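Trainee: pasting a predicted model and its sequence here:
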Amino acid sequence: MPFHLRCGPDDAQHCRFAVSPLWETRSAVRALDRPGPPGARLPWLRRIQVAASGLNLAPLSLLTPAHGCGPRFLAPRPADPYTRIEDELARVRATDPAVARVELERALAATPGAAVSLRGRRMLEDPGRAVKELADLLELAWRALIEPDWPPLHALLEADAAFHARRLSGGGPEGLFAELHPDVSWSDGTLTVAHAEPAEHGTDGGERAERAERAEGTHGADGTGLLLVPSVFCRPGPAAGAGVPWDRALVYPARGLGGLWESSSGEQPPEVLSRLLGRGRAAVLTALEEPASTTGLARRLGLAPSSVSAHLSALRDAGLLTSHRYGHQVLYERTPLGIALAAG
């Protein structure tokens, strides 16, 4: 069902970006449980195979129904691009057991037989214990599945947020949503997501039913803006939030996912480009398919940060790169001339 969000002037001005390590963790668990075609994730799946085999993810799988949504308390709304997993897990652990029981019951009801299973009954009999055990399991999943790759993963998500924030600043919502995702469009103050998935970690089945009663999932303007969350493990299409705590939120696949899991240290730039610029500068230019920081490029290319910094300065002075400050980082991206040169 299409998702329509009407936005007033205040909404358009208050679009903000955030990153959620916990969302990535839960989505990675789902990717293991229902992998589908591996695609670009195949290197990640191979790398974490041993670590994943030591995890008992059955409790989380029981609360991730194929048709329905998981407990809201397991996915608190992220605050900004620098949200820490420790803070998100602390919010999960602080869940009121009475609230947890209601949400566990709803999630279990979405899977036939789950509520009367031994594991389901134990959760409902002692929701306080269930909250602790689920938070501990999410922390283990984070350590095994996401944390080893978090520096480059987080750098990619930050770079994506910076890229789209500049589009919003320079071209307004039209410039932002024109490039966010093929299923996302903007017209006459209305954001439309074709074939929208529900923000499964943020709404429950009751809220989905309530949303379905509205005309094609249309939501009015309220001046609070829109939360945009780039994700590595998001499904192929965006996920739109219609209920607390993910109301007026859009989770979308980040740019540059195709090369995220591939090691680039062995990649060689084209020989002609290397002869023109030098091998180091050519490697930096070709690696900048997506905006990146000096430390991110150094890690990816296996070079010293000081060397990468010198190459970036030379390429920027030559008009092949531009730089923008985003939070505590300076991100570099290719200019049109740099794109054309890298493409040969």
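Mentor: Nice, I can see it. Here the structure is a predicted model, which is why all the values come from computation and not from measurement.
Trainee: centre-most residue in this protein?
Mentor: Ser231 (1.4 Å; C-alpha atoms, centre = their mean).
Trainee: show me the contacts for that one.
Mentor: Ser20, Trp23, Glu24, Ser27, Leu157, Val251, Tyr252, Pro253, Ala254 (C-beta atoms under 8 Å, 6 or more residues apart in numbering). In this view, the C-beta of every residue, glycine as well, is placed from N, C-alpha and C.
Trainee: and the gap between it and Ser53?
Mentor: Distance, Ser231 to Ser53, by C-beta to C-beta, to the nearest Å: 25 Å.
Trainee: cool, Arg119 as well?
Mentor: 20 Å.
Trainee: who has more neighbours, the two?
Mentor: Arg119 (14 against 8; other C-beta atoms under 10 Å).
Trainee: let's verify Tyr82: helix, strand, or coil?
Mentor: Secondary structure assignment for Tyr82 (DSSP: H, G, I helix; E, B strand; the rest coil): coil.
Trainee: please apply the same query to Pro76.
Mentor: coil.
Trainee: can you give me phi and psi for it?
Mentor: phi -60, psi 150 (degrees, to the nearest 10).
Trainee: one more: Glu125?
Mentor: phi -70, psi -30.
Trainee: same check on Val193?
Mentor: According to degrees, to the nearest 10, Val193 has phi -120, psi 110.
Trainee: return the set of residues that bridge with it.
Mentor: Following DSSP bridges, Val193 is listed with bridge partners Phe3, Val184.
Trainee: hey, C-alpha coordinates of the helix or strand harbouring Thr295 in CSV?
Mentor: Per DSSP states H and E: Thr295 is located in helix 294-301. Presented in CSV, the C-alpha positions along helix 294-301 are these (Å, rounded to 0.1, in the frame of the first residue of the first chain):
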residue,chain,number,x,y,z
THR,A,294,40.1,10.7,5.6
THR,A,295,40.1,8.0,8.2
GLY,A,296,37.5,6.0,6.4
LEU,A,297,39.5,6.0,3.1
ALA,A,298,42.7,5.2,4.9
ARG,A,299,41.1,2.2,6.6
ARG,A,300,39.6,1.0,3.3
LEU,A,301,42.8,1.5,1.2
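Trainee: neighbouring contacts of whichever helix or strand comes after that helix?
Mentor: Once the chain leaves helix 294-301, the next helix or strand it forms, by DSSP H and E, is helix 305-317. Residues from elsewhere that reach helix 305-317 (C-beta under 8 Å, 6+ apart): 277, 280-281, 284-285, 294-295, 297-298, 301, 321-323, 332, 338.
Trainee: pick out the most distant pair among those residues.
Mentor: Leu277 and Thr295 (21.6 Å; C-beta to C-beta).
Trainee: which one's more surrounded, these two?
Mentor: Using other C-beta under 10 Å, the more surrounded residue of Leu277 and Thr295 is Leu277, with 22 against 14.
Trainee: if we ignore the residues flanking it in sequence, what's nearest the more buried one?
Mentor: Nearest non-adjacent residue to Leu277, counting by C-beta to C-beta, 6 or more residues apart in numbering: Leu285, 6.7 Å away.
Trainee: which of the helices or strands spans that neighbour?
Mentor: Counting by DSSP H and E, Leu285 is part of helix 279-287.
Trainee: looking at this, Trp150 is in a strand?
Mentor: No: using three-state DSSP, the assignment for Trp150 is helix, not a strand.
Trainee: contacts only, for it.
Mentor: Pro21.
Trainee: again with Arg122
Mentor: Residues in contact with Arg122 (C-beta under 8 Å, 6+ apart) are Arg129, Ala130.
Trainee: and it, what element?
Mentor: Arg122 belongs to helix 118-125 when assigned by DSSP H and E.
Trainee: from the chain's centre, how far out does that helix sit?
Mentor: For helix 118-125, the separation from the chain centroid amounts to 31 Å (computed by C-alpha atoms, centre = their mean, to the nearest Å).
Trainee: mind listing what the residue nearest to Leu277 touches?
Mentor: Taking C-beta under 8 Å, 6+ apart, we find Leu285 in contact with Pro269, Leu273, Leu277, Leu315, Leu320, Leu321, Arg334, Gly338, Leu341, Ala342.
Trainee: mind listing the strands for the stretch 151-300 of the chain?
Mentor: 184-187, 190-193, 197-198, 218-219, 227-231, 239-241, 249-253 (DSSP state E, counting those that start in this stretch).
Trainee: helices or strands up against the helix holding Thr295?
Mentor: In terms of contacts (3 or more C-beta pairs under 8 Å, 6 or more residues apart in numbering; DSSP states H and E), helix 294-301 is packed against helix 150-177, helix 279-287, helix 305-317, strand 329-334.
Trainee: if we use 6 Å, what do you get?
Mentor: helix 279-287, helix 305-317 (3 or more C-beta pairs under 6 Å, 6 or more residues apart in numbering; DSSP states H and E).
Trainee: deepest-packed of those helices, please.
Mentor: When those are scored by mean count of other C-beta atoms under 10 Å, the highest mean neighbour count falls to helix 279-287 (a mean of 22).
Trainee: between it and helix 305-317, how big is the angle?
Mentor: 70 degrees (axes from the mean of the first three to the mean of the last three C-alpha atoms, to 10 degrees).
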